[in-house]
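> Fold the following, please.
(2 chains)
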Number of protein chains: 2
Amino acid sequence: MGIDPGTRRTGYGFIGVADRVFRHVASGVLAPRQNAPLQDRLVFIYDGLVELIGRHGPACVAVEDIFYAHHAQSALTLGHARGVALLAAAKAGVEIHSYPPAQVKRALSGHGRAEKDQIARLVTMLLRLPEPPQEDQADALALCICHGARV
Amino acid sequence: MGIDPGTRRTGYGFIGVADRVFRHVASGVLAPRQNAPLQDRLVFIYDGLVELIGRHGPACVAVEDIFYAHHAQSALTLGHARGVALLAAAKAGVEIHSYPPAQVKRALSGHGRAEKDQIARLVTMLLRLPEPPQEDQADALALCICHGARV
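Below you'll find the predicted structure:
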């Protein structure tokens, strides 16, 4: 499982790996009501992730490790979403792995500064998806592939 | 209830208010094992807060509203703790109020730049505590008083 946490949109993805071939299982975006208070959005994201983890029973979860944010306020808000994502995985007893964005990009494209749409195209190709995923969904699937390529 | 969230130490306090007199109910610090992984510390804090909220059944929760952090990394880490604190309160259906640090200081001392030890002394006096509380515990009780003075 891969999670790209955010209080507005949290992307998630599940893949299977066998003989170095990736298989798309499920993916999507948890998007709470945009004008809902922060705490209600956190409940929506947490409950959604708990339900998804329960349904798909992942062996491990890869979450983006954010060392860098443009400013403290966005880091703080992002931290809220990442906190409830880690909580959902840890309470389910699922192993958690963290990858910095540059490592995810490098795992897919060979270099650490790939553009968003290039990552989306590579995800689409590697998982043989019928159409390109949404941005946060693509990032969650890229996390799955980054970890899946190492196991 | 007041919560001063942190991934290393989360302060909490419960007070009662009647006829503008404050009464100390309970307070302390949730301190997860310091070398535990972040996700395990978040589980410790979340479970601790859920248990405390269940035991004391607060009418409302006051949480520090952090607009400012020294750098993005500390804001991100702090956000994780604040996220699980909001989640614990919201899932229990408890009303949440946010106060910026300066407003809490002003509510107790009359100005927004009071020192930590002055706040601890005022909390000790207003709640008639036998001894000054620990730092994070004092901040949580100060949040209780800040909100309690308004209701």
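> Helix, strand or coil: sort out the closest residue to chain B within chain A for me.
Nearest residue of chain A to chain B (Cβ to the nearest Cβ) works out as A:Gly79 at 1.9 Å. In this view, the C-beta of every residue, glycine as well, is placed from N, C-alpha and C. Put simply, A:Gly79 is helix when judged by DSSP: H, G, I helix; E, B strand; the rest coil.
> How many residues are close by it?
By other Cβ atoms under 10 Å in any protein chain shown, 28 other residues sit near A:Gly79.
> check contacts around the closest residue to it other than its chain neighbours.
In space, A:Gly79 comes closest to B:Gly79 once its chain neighbours are excluded; the distance is 1.9 Å by Cβ to Cβ, 6 or more residues apart in numbering or on different chains. By Cβ atoms under 8 Å, 6 or more residues apart in numbering or on different chains, B:Gly79 lies in contact with A:Ala75, A:Leu76, A:Thr77, A:Leu78, A:Gly79, A:His80, A:Arg82, A:Gly83.
> would a markdown table of those with distance to A:Gln103 be doable?
Listed next are the contacts of B:Gly79 as a markdown table, based on distance: Cβ to Cβ, whole Å:
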| residue | distance to A:Gln103 |
| --- | --- |
| A:Ala75 | 19 |
| A:Leu76 | 24 |
| A:Thr77 | 23 |
| A:Leu78 | 18 |
| A:Gly79 | 20 |
| A:His80 | 24 |
| A:Arg82 | 17 |
| A:Gly83 | 21 |
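> coming back round to it: could you check the pLDDT of the residue of chain A closest to chain B?
pLDDT recorded at A:Gly79 is 93.
> Could you do A:Pro101 as well?
Reported pLDDT for A:Pro101: 90.
> Torsion angles phi and psi at it?
Note on A:Pro101: its backbone torsions stand at phi -50, psi -40 [degrees, to the nearest 10].
> residues contacting it?
A:Pro101 makes contact with A:Glu64, A:Ile66, according to Cβ under 8 Å, 6+ apart.
> what does the one 5 residues further on give?
By Cβ under 8 Å, 6+ apart, the residues touching A:Arg106 are A:Gly112.
> same deal with A:Ala36?
A:Ala36 makes contact with A:Phe44, according to Cβ under 8 Å, 6+ apart.
> would it count as being in a helix?
No: according to three-state DSSP, A:Ala36 belongs to no helix; its state is coil.
> for the host helix or strand of A:Ile145, the distance to its chain's centre please.
Taking DSSP states H and E as the criterion, A:Ile145 maps to helix A:135-148. Averaging C-alpha positions (Cα atoms, centre = their mean, to the nearest Å) puts helix A:135-148 6 Å from its chain's average.
> now what about it, what contacts it?
With Cβ under 8 Å, 6+ apart, helix A:135-148 has contacts from A:1-4, A:6, A:9-15, A:17, A:22, A:24, A:27-29, A:60, A:62-64, A:97, A:99, A:103-105, A:107-108, A:116, A:119-120, A:122-124, A:126-127, A:132-133.
> Please repeat the previous calculation with a cut-off of 6 Å.
Outside helix A:135-148, the residues within contact range by Cβ atoms under 6 Å, 6 or more residues apart in numbering or on different chains are A:2-4, A:9, A:11-13, A:15, A:17, A:22, A:27-29, A:62, A:97, A:99, A:104, A:107-108, A:119-120, A:123, A:126.
> Relative to B:Ile145, how far out is the residue of chain A closest to chain B?
Distance of A:Gly79 to B:Ile145, computed by Cβ to Cβ, to the nearest Å: 27 Å.
> Equivalent analysis for A:Val17, please.
54 Å.
> who's more crowded, those two?
B:Ile145 (23 against 16).
> tell me the contacts of A:Val123?
Contact analysis of A:Val123 by Cβ under 6 Å, 6+ apart lists A:Ala138, A:Leu141, A:Ala142.
> And the helices in chain A?
Applying DSSP state H to chain A gives helices spanning A:38-56, A:72-91, A:101-109, A:116-126, A:135-148.
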